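>>> Sequence first, predicted model second:
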Amino acid sequence: MKTHTKSSVNPARFAGTGVFFVVLTSLIVTASARGGAEKIDAKNFEILGISLASSTIEEVKHILGPASERTSTNPGNTVMCYAAPGNGRTILEFENWTDPTEFRLFHGSTEEVALCALSPKISDSLSTASGLKLGMSQRQVVTILGRPPKRHGNRVLYESPRLRPLTFEERKRANETYPVPKTVEVYEKIDIDFRRSAVVRIDAVRSES
């Protein structure tokens, strides 16, 4: 069973306002009634056939090519990134702890691009399996993800911490540990930044522990 650390997120930064406060309250009541948070579609955590919490670092390199890993600001993690050739400055960055648990899609500075391996698979048109991509409008994001439960200025946050039962294979491996776990903690997050009503950064996290 894979275990991953959770990315640090400060939910206090995303206090709902106006209509979003009403939406947030509604979602909290719904989640409480069901005994957990709303699950985010797995397609939002897949990009170029790479799925967070299931694909490996070697699989990322097989799809996008070799890339150097550097130390992350998150202790114990590494970061590797790929940039679009030419002047586009689109960057796809992976945060790794054993395996990739987070990816960030954004337009970087010249200095940030210089730290990345170039890949023809990275471009402005790159999207997640669900269709999220840079340049989308807020309306298009809501069509894919629903109304954001948390919003602060030009940022929206979708978050889903929950428990899931172990799979058959995980139960077999878990029998070798003590105490034997009965559930897996799943943490999912989609964090999106807008500028002039268009998406300029997508940050997706999916970890299991």
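Arrived safely. Numbers count the residues shown, from 1 in each chain.

>>> before we move on, what SS does V142 have?
helix (DSSP: H, G, I helix; E, B strand; the rest coil).

>>> What's the local residue count around it?
The number of residues packed near V142 is 13, by other Cβ atoms under 10 Å. Bear in mind the C-beta positions are built from the backbone N, C-alpha and C, glycine included.

>>> ok, it - contacts?
Contacts for V142 were tallied using Cβ atoms under 8 Å, 6 or more residues apart in numbering; they are P148.

>>> 10 Å instead?
Going by Cβ atoms under 10 Å, 6 or more residues apart in numbering, V142 touches M136, P148, V156.

>>> Report the lowest-confidence entry in these.
The member of the contacts of V142 with the lowest pLDDT is P148, at 94.

>>> Please state the backbone phi and psi of it?
phi -70, psi 130 (degrees, to the nearest 10).

>>> Identify the residue nearest it in space, chain neighbours excluded?
V156 (3.7 Å; Cβ to Cβ, 6 or more residues apart in numbering).

>>> so what's that neighbour up against?
14, 20, 138, 141-142, 145, 147-150, 190-194, 199.

>>> Now with 8 Å, please.
F14, Q138, V141, P148, K150, D191, I192, F194.

>>> try K182
Contacts for K182 (Cβ under 8 Å, 6+ apart) come out as P165, L166.

>>> Where do the helices of the chain begin and end?
19-34, 57-64, 110-114, 138-145, 168-174 (DSSP state H).

>>> and the ones you listed, which one is worst for confidence?
helix 19-34 (a mean of 35).

>>> Point out where this structure drops to low pLDDT.
1-37, 170, 172, 178 (pLDDT under 70).

>>> How much space separates the residue nearest to P148 from S130?
15 Å (Cβ to Cβ, to the nearest Å).

>>> quick one, longest strand in this structure?
Looking across the chain with DSSP state E, the single longest strand is strand 183-195.

>>> Strand partners (parallel or antiparallel) of that one?
Next to strand 183-195 in the sheet, as set by DSSP bridges, lie strand 155-165 (antiparallel), strand 198-208 (antiparallel).

>>> Only the buried residues of the first one, if you could.
So that's strand 155-165. Across strand 155-165, burial judged by 16 or more other Cβ atoms under 10 Å covers R155, V156, L157, Y158, E159, S160, R162.

>>> ok so, going back, for the strands paired with strand 183-195, which one sits closest to I122?
strand 198-208 (13.2 Å; Cβ to Cβ).

>>> hang on, the earlier thing: can I get the strands paired with strand 183-195 in a markdown table including distance to N87?
Shown next, in a markdown table, are those (distance: least, Cβ to Cβ, whole Å):
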| stretch | distance to N87 |
| --- | --- |
| strand 155-165 | 27 |
| strand 198-208 | 17 |
